[in-house]
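Peer 1: predicted coordinates and the sequence they were generated for:
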Amino acid sequence: MEISELQNNNWLSLARAISLVENDTLQGSELLMKLPFNNHTPVVGITGPPGAGKSSLVNALINELLNQNLKVGILAVDPTSPFNYGSLLGDRVRMANHFNSPNVYIRSLATRGNLGGLSAKIFEITDVMQHAGFDMIIIETVGVGQSEVEIAGLADTTALVLVPEAGDEVQTLKSGIMEIANIFIVNKSDREGADIFVKNLNALVHQRPSSDWQTPILKTIATNGTGIPEFWEAIYAHQKHNNSSEKKFQLLSQKAWQLIQNEKMKVINKKELITDLEQNTNKPGFNLYQYIQNKYLKK
């Protein structure tokens, strides 16, 4: 497959390219090796706990981007089905009204057991998307909690979506995904306690290490579009602020580290590991750390 096939709104070729990469095929690897470096297409990560309204927020943000005549690609990371190991496609149902838009491409990805809230091949798939002529790429994570800090190594701008009911849990969030957000969104802000929750978030943000970026805390109601223009303005402002070489190289190094780690892990077959452990754990003197060192880490 050639890179030129990804351009000019050729969704069929883009879908095929993503599948080749996601399934770790030889053709997919060859395509990745041909991709020129692209750090111009911004990547926005939307993360947060289940039920925060991330999909509705993305849906509303798509409307705003289309009003700006922008072309947008969506990667919605869904939980893996326990039966066929595919994604459950719940987010795509909520974004169904955009499927016929010539300037919107939506792709669901399965986590396939990955614990970080993202698909194992999300870095490579994002690279492919960045060569398909989009003005912006939005990644919505599965919403599994604090392990979603992984998105910070991929997205140029990360928005954390919360709801007023999360007020009692805000202290537990403080040390984890709270620290990765460039923008805080209090969605469903028409609910009781929204103003108090925003006030508490402001107090927590001011306790964070000083930064030259003032993290905004925005109230939205995604179902009717309230606060969405302000959300877009915050994304745009952060993209301009974030356009420093230091930050770009930090993101690039994190991405390279993750790709190296994934490549190194390919030598480990999980099914074979289970079988081997079943055979070894009953042996006298078995020690898990010695087993790992001798079988996988010893040079």
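Peer 2: Sure thing, it's come through.
Peer 1: which residues in this structure form strands?
Peer 2: For the chain, the strands defined by DSSP state E occupy 43-47, 72-78, 104-110, 136-140, 157-162, 183-186, 217-219.
Peer 1: direction included, what does the third one pair against?
Peer 2: Meaning strand 104-110. With DSSP bridges as the test, strand 104-110 is paired with strand 72-78 (parallel).
Peer 1: mind saving the C-alpha coords of the partner strand as PDB?
Peer 2: Extracted C-alpha coordinates of strand 72-78, given in PDB (Å, rounded to 0.1, in the frame of the first residue of the first chain):
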ATOM      1  CA  VAL A  72     -11.600  15.500  11.700                       C
ATOM      2  CA  GLY A  73     -10.600  11.900  12.400                       C
ATOM      3  CA  ILE A  74     -12.000  10.100  15.500                       C
ATOM      4  CA  LEU A  75     -10.400   7.100  17.100                       C
ATOM      5  CA  ALA A  76     -12.800   5.700  19.700                       C
ATOM      6  CA  VAL A  77     -11.200   3.000  21.900                       C
ATOM      7  CA  ASP A  78     -13.800   0.600  23.100                       C
END
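Peer 1: what mean pLDDT does that strand have?
Peer 2: The average pLDDT for strand 72-78 rounds to 88.
Peer 1: before we move on, the earlier item: mind putting the strands of the chain in a markdown table, distance to residue 270 and mean neighbour count included?
Peer 2: C-beta: built from backbone N, CA, C; applies to glycine. Listed next are those as a markdown table, based on distance: least, CB to CB, whole Å; neighbours: other CB atoms under 10 Å:
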| stretch | distance to residue 270 | mean neighbour count |
| --- | --- | --- |
| strand 43-47 | 26 | 26 |
| strand 72-78 | 20 | 24 |
| strand 104-110 | 16 | 21 |
| strand 136-140 | 25 | 25 |
| strand 157-162 | 30 | 26 |
| strand 183-186 | 36 | 24 |
| strand 217-219 | 41 | 19 |
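Peer 1: what sits against residue 190?
Peer 2: Taking CB atoms under 8 Å, 6 or more residues apart in numbering as the criterion, residue 190 is in contact with 221, 226.
Peer 1: what pLDDT is listed against it?
Peer 2: Listed pLDDT for residue 190 reads 94.
Peer 1: residue 216 versus that one, what's the distance?
Peer 2: 19 Å (CB to CB, to the nearest Å).
Peer 1: please enumerate the helices of the stretch 1-150 of the chain.
Peer 2: Ranges of helices within the stretch 1-150 of the chain are 11-22, 26-34, 54-67, 90-94, 122-129, based on DSSP state H, counting those that start in this stretch.
Peer 1: the ones you listed into a markdown table, with extra columns for mean neighbour count?
Peer 2: A markdown table is the format used below for the helices of the stretch 1-150 of the chain (neighbours: other CB atoms under 10 Å):
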| stretch | mean neighbour count |
| --- | --- |
| helix 11-22 | 18 |
| helix 26-34 | 14 |
| helix 54-67 | 21 |
| helix 90-94 | 16 |
| helix 122-129 | 22 |
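Peer 1: for residue 223, find the nearest of those.
Peer 2: The stretch from these with the least distance to residue 223 (CB to CB) is helix 54-67; that distance is 5.8 Å.
Peer 1: pretty sure residue 102 is touching residue 10, no?
Peer 2: No - at 11.5 Å, residue 102 does not count as touching residue 10 under the criterion of CB atoms under 8 Å.
Peer 1: higher neighbour count, these two?
Peer 2: Each of residue 102 and residue 10 has its neighbours counted (other CB atoms under 10 Å); residue 10 has more, 15 against 8.
Peer 1: mind checking how far the nearest residue to residue 152 once chain neighbours are set aside is from residue 78?
Peer 2: Nearest non-adjacent residue to residue 152, counting by CB to CB, 6 or more residues apart in numbering: residue 180, 4.1 Å away. According to CB to CB, residue 180 stands 21 Å off from residue 78.
Peer 1: same question for residue 291.
Peer 2: Between residue 291 and residue 78 the computed distance is 34 Å (CB to CB).
Peer 1: how about residue 50?
Peer 2: 12 Å.
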